[in-house]
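Peer 1: Sequence first, predicted coordinates after that:
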Amino acid sequence: MFSRTPPDLDDASVSLAGLGGALKIMLVVLGAVASFIFVLVVVSRWLRLDFDAVFWTGGGAFLLAMTLIRPWWFWHHPKALFVRSILTDTGAIILYVLLTGSMIVTGVRRQMAINRARRECEVAVAKANDVHDRVRVLYEQGARNLPQSDREPRSLTCERLLE
């Protein structure tokens, strides 16, 4: 009863050339994503910034650039076409710009909160009278309620901030 394939798939086949083309595209996309993440890691380490903040800011900047440039692979993607069909081109641009703004603001707010907490930790460690006070500062104080997504830490201790 279920052994027969659907009629539209009876003659379906994949050629080696088609498979090779798909693999080339996949390698290019994976290379681009890996390069983007590598650049973000280098920038965050070089400038001593939080990677998550740099990731949000960089992702927002990339989305903004793609919204303004509108390459075919971005602007004619099925999800973008769906959004454009509902909101029109102008509405989609406004939505994407608002999304990029929220991503960039999240990254900047996170980095500003970390910088403020790092300065407070440096002052608290400098004011500590003995080793016990320093240890207490390092493990009990820090940044709380950081802007974040599900996987990022919501709080960082002074030990982590001063690394």
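Peer 2: Good, I have the coordinates. Numbers count the residues shown, from 1 in each chain.

Peer 1: Could I get the full set of helices for the chain?
Peer 2: Taking DSSP state H to define them, one finds helices in the chain at 16-46, 51-69, 72-75, 78-127, 131-140, 158-161.

Peer 1: Going by neighbour count, which residues in the second one are buried?
Peer 2: Applying a neighbour-count criterion of 16 or more other CB atoms under 10 Å, one finds 52-60, 63-64, 66-67 buried in helix 51-69. The C-beta positions use only the backbone N, C-alpha and C, and glycine is treated the same way.

Peer 1: closest to Cys121 among the residues you listed?
Peer 2: Minimum distance to Cys121 across the buried residues of helix 51-69 is 17.0 Å, recorded for Ala53 (CB to CB).

Peer 1: re the thing from before, weakest of the helices of the chain in terms of mean pLDDT?
Peer 2: Ranked by mean pLDDT, those bottom out at helix 158-161, with a mean of 74.

Peer 1: packing partners for that one?
Peer 2: Helix 158-161 is packed against helix 78-127, helix 131-140, strand 142-143, with contacts defined by 3 or more CB pairs under 8 Å, 6 or more residues apart in numbering; DSSP states H and E.

Peer 1: quick one, the second one and helix 78-127 angle?
Peer 2: For helix 131-140 against helix 78-127, the angle by axes from the mean of the first three to the mean of the last three CA atoms, to 10 degrees is 170 degrees.

Peer 1: helices or strands next to helix 131-140 in the packing?
Peer 2: The helices and strands touching helix 131-140, judged by 3+ CB pairs under 8 Å, 6+ apart, are helix 78-127, strand 156-157, helix 158-161.

Peer 1: Which positions within it qualify as buried?
Peer 2: Within helix 131-140, the residues that count as buried by 16+ other CB under 10 Å are 134, 137-138.
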